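# Have a look at this prediction, sequence included:
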Amino acid sequence: MSRKRFSKNRSQRRASLPSRGWQNLRFYWYTTRKAPLVVVFVIGLGVTVLGYFMYSAFARQADVRDLTCLAFNVYFEARGEPVAGQYAVAEVTMNRVASGRYADTVCGVVHQENWDPLRKRYVSAFSWNELDERPSPEDETFRQAWEVAEAVYYGRYTPAVAGALHYHAVYIKPSWARGHKPIARIGNHVFYK
């Protein structure tokens, strides 16, 4: 009988541990000064809100910068091409960003320079970078390039040249193209993996 009573008392003690802990916590809460806790909470909340807004502002700024670079690339590389060709050029740029073999930002890919031993100088991957010309935002062709850039940048476009990292105009035969397999021809561009 004493054994039963002992195990009954033990189970009651186990059941009362959480409630005793809760009572201790309530007692601690009622007996301590709350002003420092409230101050720490308010400061922490303020820092969190400020950090969120700063992160949002800088992330938006980076998106606008990348979109501008992508729109310039579409404009200068494919403004005379059909819309499908413009999408493909934007897609190649984004594929390069995702590949890990190029810069990790759109602007980094668009403005990347490589050493050219024939010219004995650094040359941009996209030749338009060597021009000083920039389109006007009111230009209808640039607005079209911006819409294409937004659709590809935000993933609202179904890829047509998935995995393509290179392209060239049909009227040139670059030496690098010999080792690559063409996957599509859209307008006046041939696209390669």
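That came through fine. Predicted model only: the values in this text are computed from it and were never measured. Numbers count the residues shown, from 1 in each chain.
# Show me how the record splits the chain into domains.
Under the assignment automatic domain parsing, the domains of the chain span 2-32, 66-192.
# Save these as TSV, and put in mean pLDDT and distance to V39 too.
Placement of C-beta: from N, CA and C, glycine included. TSV is the format used below for those (pLDDT from 0 to 100; distance: least, Cβ to Cβ, whole Å):
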stretch	mean pLDDT	distance to V39
domain 2-32	66	14
domain 66-192	89	41
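# for these, which one sits closest to G51?
domain 66-192 (22.3 Å; Cβ to Cβ).
# Start and end of the closest one, how far apart?
Using Cα to Cα, to the nearest Å, the span of domain 66-192 from its first residue to its last is 23 Å.
# Stretch 94-105 too?
Span of stretch 94-105 from end to end, Cα to Cα: 9 Å.
# mind listing what's buried in it?
M94, N95, R96, V97, Y102 (16 or more other Cβ atoms under 10 Å).
# what do you get for stretch 108-122?
Neighbour-count burial for stretch 108-122 flags V109, V110, H111 (criterion: 16+ other Cβ under 10 Å).
# List of residues touching that stretch?
69-70, 72-73, 93, 96-97, 102-103, 123-126, 129 (Cβ atoms under 8 Å, 6 or more residues apart in numbering).
# Tell me which of the domains of the chain sits most buried.
Looking across the domains of the chain with neighbours counted as mean count of other Cβ atoms under 10 Å, the highest average goes to domain 66-192: a mean of 16.
# quick one: that domain to chain centroid distance?
Relative to the mean C-alpha coordinate of its chain, domain 66-192 is positioned 18 Å out (Cα atoms, centre = their mean, to the nearest Å).
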